[in-house]
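# mind folding the following:
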Amino acid sequence: MNAFFETNIGILILTVLESLALIVPLLIGVAYLTYAERRVMGAIQLRKGPNMVGPFGLMQPFADALKMLMKETIIPTGADRILFVLAPMITFGLAVVAWAVIPVNNHWAIANINVGILYLFAVSSLGVYGIIIAGWASNSKYAFFGALRSAAQMVSYEVSMGFVIVTVLLCVGSLNLNDIVLAQRHIWFAIPLFPLFIIFFISGLAETNRAPFDLAEGESEIVAGFFVEYSAMSFALFFLGEYANMILISAMTTTLFLGGWLSPIPFAPFTMVPGVLWFLLKVMICLFVFIWVRATLPRLRYDQLMALGWKVFLPITLVYLVLVAGVMEYCGWLPHA
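Here you go, the predicted structure:
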């Protein structure tokens, strides 16, 4: 009995340490992503960006966090207090737990499970609940309109993302994310599946409510969308959740299409660089594109947003799925369980 408890306690401690090893760098990355976005957008728009707090403005994220902590959380009259407080926790929590199956190096994942893709599907599909709850619990028509917009947008683009991922799984024959990366040893899937790579990334912009798909936060139409009534740390949790989802989508793009931790050139000295660094570099490039798109493209109309998802992306992904399956079956490349 003692051995049983000692074993389980050891496993629990190890799991907690692995979680902290992931969550702490992720939170730091989220904090400095906000700094990087403001600096990059400043450079694109010919202004300086944050440069006063600390050397080169590097302490700005911590100053913002301290300001949020010192603000008062105001709950509107008539709001559902429990759900109002719970909604940002759900959004941020789901953005963090999805990282449990992301491999940053060979077999470097908290849970290297054989159904990692299904886990990501499940977690991402739950993300809409935090937004819907926030819009309804706020007791504000603007928040509710923003929540409905965001929910419709996320559900619409999840369909296209699902077909893209199914096509990748068809090429690999496994639901394990580690196996998906290893299947790209000879060629990254971004090359043969280039149209799907572009559709997945654009759908990721819509999934995270980023420009030019930030219709749920249309300041000129519905004030600020589903979190218009939020302040202080409750607003900060929505803010952190959005940026954590940006990093997650970039990590998924890297894993599914850009070879994960694999070197882009299979020769020394490139292969001598640790895989974690390659993974981080690819994620940072994807994040730079997120910021670049926000700084350069105007917001779409809502009917254009929905038409792009249902009338363009969905037919293309369906046709490509059937085409890839047919070609692989005809050439005898289709992996069978």
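# just give me the longest helix of the chain.
Criterion DSSP state H: the longest helix present in the chain is helix 2-44.
# just checking, which helix or strand succeeds that one along the chain?
Next in sequence after helix 2-44, counting helices and strands by DSSP states H and E, comes helix 60-70.
# the next helix or strand after that following helix vs helix 2-44, what angle?
For helix 60-70, the following helix or strand on the C-terminal side (DSSP H and E) is helix 81-97. Comparing the axes of helix 81-97 and helix 2-44 via axes from the mean of the first three to the mean of the last three C-alpha atoms, to 10 degrees yields an angle of 90 degrees.
# outline the domain layout of this structure.
1-70, 75-331 (automatic domain parsing).
# got TSV for those, with mean pLDDT too?
As requested, the domains of the chain are exported to TSV (pLDDT from 0 to 100):
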stretch	mean pLDDT
domain 1-70	82
domain 75-331	88
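# Throw those domains into TSV and include mean neighbour count, thanks.
For every residue, glycine as well, the C-beta is placed using N, CA and C. Putting these into TSV (neighbours: other C-beta atoms under 10 Å) gives the following:
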stretch	mean neighbour count
domain 1-70	13
domain 75-331	19
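# what packs against the longest helix of the chain?
Packing partners of helix 2-44 (3 or more C-beta pairs under 8 Å, 6 or more residues apart in numbering; DSSP states H and E): helix 60-70, helix 232-257, helix 275-296.
# ok, which of these comes nearest R38?
Using C-beta to C-beta as the measure, helix 60-70 is the one of the helices and strands packed on helix 2-44 that comes nearest R38, at 7.7 Å.
# helices or strands next to the closest one in the packing?
Helix 60-70 is packed against helix 2-44, helix 232-257, with contacts defined by 3+ C-beta pairs under 8 Å, 6+ apart.
# what's the angle between that helix and helix 2-44?
An angle of 110 degrees separates the directions of helix 60-70 and helix 2-44 when computed by the same axes, to 10 degrees.
# which other residues reach helix 60-70?
Under the criterion C-beta atoms under 8 Å, 6 or more residues apart in numbering, residues 31-32, 34-35, 38, 50, 52-54, 232-233, 235-236 lie in contact with helix 60-70.
# repeat the analysis, applying 6 Å as the threshold.
A31, T34, Y35, P50, V53, A232, M233, A236 (C-beta atoms under 6 Å, 6 or more residues apart in numbering).
# quick one: the fifth one and M59 touch, right?
What it means is V53. Yes: with the criterion set as C-beta atoms under 6 Å, V53 and M59 qualify as a contacting pair; they are 4.5 Å apart.
# picking up where we left off before, so which of the helices and strands packed on helix 2-44 comes closest to L323?
Comparison of the helices and strands packed on helix 2-44 against L323 by C-beta to C-beta identifies helix 232-257 as nearest, at 17.3 Å.
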